[in-house]
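Trainee: with the sequence up front, the predicted model follows.
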Amino acid sequence: MGSKGDKNPRKPHRATVETTRMLAANAAHLARALKRPPYPGLG
């Protein structure tokens, strides 16, 4: 088995950082889209 002592537990994996950034960008985009009025004729 490989040693687990060589990894820094305080530094997140790069994929985790990228996914978190994408999640934040998508959440901000959704918030802006929901804040705008709906298309004319809908609703």
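Mentor: In hand now; what should we look at?

Trainee: who are the contact partners of residue 23?
Mentor: Applying Cβ atoms under 8 Å, 6 or more residues apart in numbering to residue 23 gives no contacts. Backbone N, C-alpha and C define where each C-beta goes, glycine included.

Trainee: got the phi/psi numbers for it?
Mentor: Main-chain torsions, residue 23, degrees, to the nearest 10: phi -60, psi -40.

Trainee: retrieve the pLDDT associated with it.
Mentor: On pLDDT, residue 23 comes in at 98.

Trainee: residue 3 too?
Mentor: pLDDT recorded at residue 3 is 61.

Trainee: show me the shaky parts of the chain.
Mentor: 1-7, 42-43 (pLDDT under 70).

Trainee: and the helices in it?
Mentor: Applying DSSP state H to the chain gives helices spanning 14-35.

Trainee: centroid residue for the chain?
Mentor: Central residue of the chain (Cα atoms, centre = their mean): residue 23, 1.5 Å from the mean position.

Trainee: and that one, how close does it get to residue 30?
Mentor: Per Cβ to Cβ, to the nearest Å, residue 23 is found 11 Å from residue 30.

Trainee: before we move on, what about residue 22?
Mentor: Taken as Cβ to Cβ, the span from residue 22 to residue 30 is 12 Å.

Trainee: cool, and residue 16?
Mentor: In this view, residue 16 and residue 30 are 21 Å apart by Cβ to Cβ.

Trainee: ok, residue 37 next?
Mentor: 16 Å.
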